[in-house]
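Chemist: build me a model:
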Amino acid sequence: MSHNYELVYILRPDLTEEQVQQVVNKYRDLLIEQKAEDVQIKIWGKRRLAYPIAKHQDGTYVQVNYTGDGTQVAAIERAMRLSDEVIRYLTIKLEQKKSAAKASESVQADKAEV
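Modeler: Here you go, the predicted model:
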């Protein structure tokens, strides 16, 4: 069964744009190797961190949305944990959206109970 995931990671601020693109491509390729589908990447750019991480005040934020069976999470997080470029990462599993028919059925059922 496929689930939707959102991964946000922060890269060191001293990386050039070319190096950032290489890192983003590396993790995109890793997800595709792990059979992730519908991989969408948004580079937010360099932003101020809420608090210093590894003595860095800024970082380059990258958001990745993908669909997979869950095995991709361990592989990508292990690669990021071992990487020198990534200073922080977080993966969350997004809720499945209800279909319009199921949503209207649950609303009608709630009204019937009242």
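Chemist: helix or strand right after the lengthiest strand in the chain?
Modeler: What stands out as the longest strand in the chain, according to DSSP state E, is strand 37-53. Sequence order places strand 56-68 as the next helix or strand after strand 37-53, per DSSP states H and E.
Chemist: can you pull the buried residues of the helix or strand that that following strand is followed by?
Modeler: Counting by DSSP H and E, the next helix or strand C-terminal to strand 56-68 is helix 71-82. For helix 71-82, a neighbour-count test (16 or more other C-beta atoms under 10 Å) marks 72-73, 76-77, 80 as buried. All C-beta spots, glycine's among them, are computed from the backbone N, C-alpha and C.
Chemist: which one of the residues you listed is nearest to Tyr61?
Modeler: Tyr61 has its nearest neighbour among the buried residues of helix 71-82 in Met80, at 13.7 Å by C-beta to C-beta.
Chemist: tell me if I'm right that the closest one and Lys26 touch.
Modeler: No. The criterion here is C-beta atoms under 8 Å, and Met80 misses it with Lys26 at 10.3 Å.
Chemist: report all helices and strands that the helix or strand in which Tyr5 is found contacts.
Modeler: Under the criterion of DSSP H and E, Tyr5 resides in strand 3-11. Identification of packing neighbours for strand 3-11 by 3 or more C-beta pairs under 8 Å, 6 or more residues apart in numbering; DSSP states H and E yields helix 17-33, strand 56-68, helix 71-82, strand 86-94.
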